[in-house]
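>>> for reference, the sequence and a predicted model appear below.
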Amino acid sequence: GTPQSKIIIDHSPLASLSKNMMYLVRYPHGCLEQTISAAFPQIYFPDMIKAMGSNTNKMTKGESEMNPTYNVNQALSKLNNLVNYDGNMSYWNNYYSYSLYLNAYTLHFIVECEKNGYAINQNMKSRLIAQCSQQASSNMLDVEYINENEKVNYISREKIYTLYVLALAGSPNKSAMNYCKMSKQLLFNSNQYVLASSFALIGDMKSYKEILPKSYLRENNNRYSWYDFSSPIKDKALVLNALLESNINTPQVHDLAKSLVIDLKQNSYYNTNELAYGIIALGKYGNKHIQKGGQATVLIDGKNIGNYTGNLLTHITNKKNIKINGTGSGSVYYSVVTEGISNGKNTTEIDNGIVARRQFYNRKGEVINPLNIKQNDLIVVKLSVSRPYGGYLKNIALTDILPAGLEIENPRITITNDLEWMNNQSYASNMDIRDDRINYFFDLYENGTMHFYYMCRAVSKGKFILGNVQADAMYDGSIHSYNGKGVLIVN
């Protein structure tokens with residue numbers, strides 16, 4: 001169809017980040033971190049989320065991707081399925097793996113949900129407080145290798161973040177906080193801000209002033225795919241959020257907010273954790289510190305179609321000649337987001353850091369030609385992902401979208417291990433099967449290769465577009481592989 005554009009204007013910096021917010025809300029995968037990150041900003045900014053809905057400009061009650069209340073309640077419900085027997089949170093359902101950061105991130109989310117009127121699982125909250133308090137005060141020191149021969153001892157970001165969340169929840173671990181205060185030299189710059197804000201939350205302004213740095217220093221150029229998911233944007237956003245949450249009016253807040261807006265506009269890729277914190281921090285900043293009074297006029301093809309006078313303004317158009325004139329003494333932010341359905345002709349094949357390939361076989365293990373498939377044939381699809389260089393990678397998402405003529409036969413109920421030639425099958429941390437695609441989630445070692453098999457059946461005759469098999473490092477968008485586009489014919 002014809003592409004349509006949505007214009008959004010408001011005094012909040014979030015209006016300029018509508019594309020980022022829509023990406024976060026629509027993120028297709030659903031581990032613990034991604035479930036929380038997609039829902040977290042919707043607690044605070046429901047009107048903005050609704051305004052960024054689909055270009056049909058309709059909101060429905062119940063199930064809707066842009067229904068914030070429904071989305072937050074769904075996330076809270078899903079968390080109940082991710083609790084382990086010992087109170088720790090699992091990254092995936094039915095897969096025991098946890099980290100201190102994910103425990104604290106979950107606690108942070110449910111505490112904020114409770115403050116904003118959502119019903120939460122009180123038993124989960126109590127158990128998380130107990131786990132976080134115990135884990136944050138044990139084995140305080142970690143080691144980070146700067147290079148092969150040089151290492152540094154430090155107090156990890158996830159432990160400081162956990163102490164902050166415990167203070168926010170009204171259950172501060174004061175002994176651990178005081179230990180970190182006395183070991184300030186072992187704290188990253190961002191951790192000093194977060195710890196200072198933790199003391200402010202419990203009313204200890206003397207400690208807050210002693211710990212707070214004079215300026216924010218970028219300390220990290222990497223995106224971490226595990227532990228605390230640290231990145232330059234996430235660290236900065238967490239600092240800004242902590243300062244705002246503790247109601248500290250420092251000039252540094254304004255500089256951090258301006259810098260964060262630039263970062264979120266300039267980067268080509270964001271992971272869900274840094275994006276969630278960036279949106280939350282800037283939204284809170286807009287509510288507390290942005291001067292209102294700015295106005296704007298929207299012109300399309302020279303015709304005035306709307307005026308912004310202080311209330312959130314949205315407009316949908318299929319015109320390209322859009323002009324926005326700002327007036328008044330306050331700040332005005334805007335975005336113009338265009339959406340449409342791709343014709344698929346510009347799909348690229350690329351390998352960057354990992355290599356993903358797809359092959360079709362019959363039940364005997366013989367390679368078959370996708371241009372010559374017979375209706376009702378049972379097809380074995382082999383997906384392979386390798387890491388030729390660059391070290392160990394966590395949290396890879398492998399997605400294969402089927403052409404319309406094929407239908408997945410669920411590997412959970414189809415016995416594939418009786419096919420003797422499939423002797424190198426790998427096992428994923430999680431598998432997600434939908435009507436038109438299958439997703440695998442796993443970690444990948446350098447020089448290692450993972451092989452996954454599933455069955456599908458040719459159900460419809462015709463000529464169908466065959467898309468790429470896609471492999472992505474979920475927390476580092478520069479690492480990806482897209483390969484295998486073409487045509488599939490069912491006779």
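Nice, I can see it. Numbers count the residues shown, from 1 in each chain.

>>> with adjacent residues omitted, what lies nearest to Y44?
With sequence-adjacent residues excluded and distances taken as Cβ to Cβ, 6 or more residues apart in numbering, Y44 is closest to G283, at 5.6 Å. Every C-beta, even on glycine, is put in place using the N, C-alpha and C of the backbone.

>>> wait, is that neighbour part of a helix?
Yes. Under DSSP: H, G, I helix; E, B strand; the rest coil, G283 falls within a helix.

>>> check contacts around it.
S12, P13, L14, P41, Y44, F45, M48 (Cβ atoms under 8 Å, 6 or more residues apart in numbering).

>>> just for the stretch 1-150 of the chain, where's the confidence low?
Scanning the stretch 1-150 of the chain with the threshold set as pLDDT under 70 gives 1-2, 53-65, 145-148.

>>> and the contacts of G283, which is closest to D436?
P41 (28.4 Å; Cβ to Cβ).

>>> quick check, that closest one in contact with Y277.
No. Assessed by Cβ atoms under 8 Å, P41 is found out of contact with Y277, at 9.1 Å.

>>> so N468 touches G486, yeah?
No. Under the criterion of Cβ under 8 Å, N468 makes no contact with G486, lying 9.2 Å away.

>>> ok, those two, which is more surrounded?
N468 (20 against 12; other Cβ atoms under 10 Å).

>>> quick check: I465 is in a helix.
No. Assessed by three-state DSSP, I465 does not belong to a helix; its assignment is strand.

>>> ok, now how distant is it from P251?
55 Å (Cβ to Cβ, to the nearest Å).

>>> more neighbours: those two, which one.
Neighbour count, other Cβ under 10 Å: between I465 and P251, I465 has more, with 15 against 7.

>>> show me the contacts for the more buried one.
Residues in contact with I465, defined by Cβ under 8 Å, 6+ apart, are G344, P403, K485, V487, L488.

>>> just the buried members of these?
For the contacts of I465, a burial check counting by 16 or more other Cβ atoms under 10 Å picks out P403, L488.

>>> can you redo the contacts of I465 as TSV with pLDDT?
Listed next are those as TSV, based on pLDDT from 0 to 100:
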residue	pLDDT
G344	61
P403	93
K485	94
V487	95
L488	95
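
>>> show me the contacts of I465 that map onto strands.
V487, L488 (DSSP state E).

>>> and T250, what helix or strand is that in?
Assigned by DSSP states H and E, T250 belongs to no helix or strand.

>>> count the residues that sit near it.
Neighbours around T250, by other Cβ under 10 Å: 11.

>>> swap in L312?
16.

>>> next: N447.
10.

>>> I'd assumed G390 was in contact with it.
No. Assessed by Cβ under 8 Å, N447 is found out of contact with G390, at 10.0 Å.

>>> hang on, the earlier thing: top of the contacts of G283 by number of neighbours, please.
L14 (30 neighbours).

>>> hang on, isn't that one packed against I280?
No. Contact criterion Cβ under 8 Å: L14 and I280 do not qualify, at 9.8 Å.

>>> what's the helix or strand for S207?
S207 belongs to helix 205-211, assigned by DSSP H and E.

>>> just the residues contacting that helix, thanks.
By Cβ under 8 Å, 6+ apart, the list of residues contacting helix 205-211 from outside reads K181, K184, Q192, L195, A196, S197, F199, A200, S246, I248.

>>> try stretch 245-263
Residues contacting stretch 245-263 (Cβ under 8 Å, 6+ apart): 13, 16-17, 168, 197-198, 200-201, 208, 212, 215-216, 232-233, 236-237, 239-240, 243-244, 278, 281-282, 284-285, 289.

>>> what's the offset of stretch 427-437 from the middle of its chain?
19 Å (Cα atoms, centre = their mean, to the nearest Å).

>>> buried ones in it?
So for stretch 427-437, counting by 16+ other Cβ under 10 Å, buried means A428, S429, N430, M431, D432.

>>> before we move on, what about stretch 245-264?
Neighbour-count burial for stretch 245-264 [16+ other Cβ under 10 Å]: E245, S246, I248, Q252, V253, L256, A257, L260, V261, D263, L264.

>>> can I get it as PDB, trimmed to CA atoms?
Presented in PDB, the C-alpha positions along stretch 245-264 are these (Å, rounded to 0.1, in the frame of the first residue of the first chain):
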ATOM      1  CA  GLU A 245      14.400   9.400  40.700                       C
ATOM      2  CA  SER A 246      16.300  10.700  43.800                       C
ATOM      3  CA  ASN A 247      14.900  14.300  43.000                       C
ATOM      4  CA  ILE A 248      18.300  15.800  43.000                       C
ATOM      5  CA  ASN A 249      18.400  19.100  41.100                       C
ATOM      6  CA  THR A 250      21.900  19.300  39.800                       C
ATOM      7  CA  PRO A 251      23.000  21.100  36.600                       C
ATOM      8  CA  GLN A 252      24.600  17.800  35.400                       C
ATOM      9  CA  VAL A 253      21.000  16.500  34.800                       C
ATOM     10  CA  HIS A 254      20.500  19.000  31.900                       C
ATOM     11  CA  ASP A 255      23.900  18.100  30.200                       C
ATOM     12  CA  LEU A 256      23.200  14.400  30.500                       C
ATOM     13  CA  ALA A 257      19.800  14.700  29.000                       C
ATOM     14  CA  LYS A 258      21.000  16.800  26.000                       C
ATOM     15  CA  SER A 259      23.800  14.400  25.400                       C
ATOM     16  CA  LEU A 260      21.500  11.300  25.700                       C
ATOM     17  CA  VAL A 261      19.100  12.800  23.100                       C
ATOM     18  CA  ILE A 262      22.000  13.200  20.600                       C
ATOM     19  CA  ASP A 263      23.200   9.600  21.300                       C
ATOM     20  CA  LEU A 264      19.700   8.100  20.700                       C
END
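
>>> now it: how far from the chain's centre is it?
Its chain's C-alpha centre and that of stretch 245-264 lie 22 Å apart, by Cα atoms, centre = their mean.

>>> average pLDDT for that stretch?
Averaging pLDDT along stretch 245-264 gives 88.

>>> how about the strands in the stretch 301-450 of the chain?
303-308, 313-317, 322-328, 333-339, 350-352, 355-361, 378-386, 393-401, 406-409, 430-433, 437-444, 449-458 (DSSP state E, counting those that start in this stretch).
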